[in-house]
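Visitor: The sequence and its predicted three-dimensional model are supplied below.
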Number of protein chains: 2
Amino acid sequence: MTWEERLSDAGFRITAPRRAVIQVLQEADAPLVPRDILERGGGVHPELGLTTVYRTVALLAELELVRRVHQSDGCHAYVAATPGHRHHVICEACGRTVEFPGSDEVSALIANVERTTDYRIEEHLLQLFGLCPACRGED
Amino acid sequence: MTWEERLSDAGFRITAPRRAVIQVLQEADAPLVPRDILERGGGVHPELGLTTVYRTVALLAELELVRRVHQSDGCHAYVAATPGHRHHVICEACGRTVEFPGSDEVSALIANVERTTDYRIEEHLLQLFGLCPACRGED
DNA sequence: CTCACTGCAAAGAATTTGCACTGAA
DNA sequence: TTCAGTGCAAATTCTTTGCAGTGAG
């Protein structure tokens, strides 16, 4: 199912600005902040406004089509989400992002922490930062 | 070694505003955003300014005495850091925060991800969210 | 046809910077 | 005594809101 179908099924309209934002996010391989999306989206739909970018990413995030990632400097960038997968490795040099599945290690860790801290864990935020193969100079 | 000694050793001066910010952060058991720190710090040093709070947390974070944590709503809150420990469990109800050590599971996970993605992992951000024992109604 | 969606401009936060003054070392 | 550190006010972002016009369904 495409993003447009998902929007449509959820009762939202398919408009030119939304198409532009969707296209930009789907083509990006690194997290983008709203301003990035505006700039790139301008190539597709020049009238695009920043307000609409904010509203659209909020909508897409709610439908879990994109995910918000956190960065040490500029927080709140967005990347396309792979369904079921929840974590990101972000290249510190080029920003290129890859998702990896929530793994057994994470489950084991959570069980472990629940036992030692007596908290009941419901959510987690896990992001790894490093260098992608290309930026390590092995391209 | 106290925080003041650490500051001093690093060549920074010990001032009343810095003492106030330090005291507030050391007494807090949940992450605080700059405005929180300002309000609480006002009880200790009424002239405290928001600018100084920003500058002081940046300094403390650089010395790794506090850590910046990310929250889904208001990003960028700060908590006292336990040396060597790197992760937090934050209670979704009361905000109370507990640190837990970087464990074998995390190392295993990282090794795993390095293998499958071919990224070289250098940093990670791991935060768990859940309910602390008190907020689960078992107090 | 309707009303969800849009862009603009303005309002509101969050954060940083310029600057003269003050007090820690 | 000196200059790092401070508070204020102003400047910059970043993000949200109010509103009248417009086009998707």
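Guide: Everything's here; your move.
Visitor: pLDDT on stretch A:25-32, on average?
Guide: In this model, stretch A:25-32 carries a mean pLDDT of 87.
Visitor: can you tell me the distance between the two ends of it?
Guide: One end of stretch A:25-32 to the other measures 8 Å (C-alpha to C-alpha, to the nearest Å).
Visitor: what does stretch A:93-109 give?
Guide: 29 Å.
Visitor: I'd assumed A:S107 was in contact with A:H124.
Guide: No. Contact criterion C-beta atoms under 8 Å: A:H124 and A:S107 do not qualify, at 10.3 Å. Every residue, glycine included, has its C-beta placed from N, CA and C.
Visitor: Neighbour count for the two, which is higher?
Guide: A:H124 (19 against 11; other C-beta atoms under 10 Å in any protein chain shown).
Visitor: Kindly state the beta-bridge partners for the residue positioned nearest the centre of chain A.
Guide: Note on chain A: the residue nearest the mean C-alpha position is A:V79, at 2.5 Å, using C-alpha atoms, centre = their mean. Beta-bridge partners of A:V79, counted by DSSP bridges, are A:R67.
Visitor: gap between it and A:A20?
Guide: Distance from A:V79 to A:A20, counting by C-beta to C-beta, to the nearest Å: 17 Å.
Visitor: Then A:H88?
Guide: Distance from A:H88 to A:A20, by C-beta to C-beta: 24 Å.
Visitor: Residues contacting stretch A:92-110, please?
Guide: A:29-31, A:69, A:79, A:81-82, A:84-91, A:121, A:124, A:126, A:129-132, A:134-135, B:103, B:105-106, B:108-109, B:112-113, B:116-117, B:119, B:122-123, B:128 (C-beta atoms under 8 Å, 6 or more residues apart in numbering or on different chains).
Visitor: Please list the residues of chain A that sit near chain B.
Guide: Within chain A, the positions adjacent to chain B are A:68, A:70, A:72, A:75-76, A:89, A:91-92, A:98, A:100, A:103, A:105-106, A:108-110, A:112-114, A:116-133, A:136 by C-beta under 8 Å from any C-beta of the partner chain.
Visitor: now the host helix or strand of A:V57: mean pLDDT?
Guide: A:V57 belongs to helix A:50-62 when assigned by DSSP states H and E. Helix A:50-62 comes out with an average pLDDT of 96.
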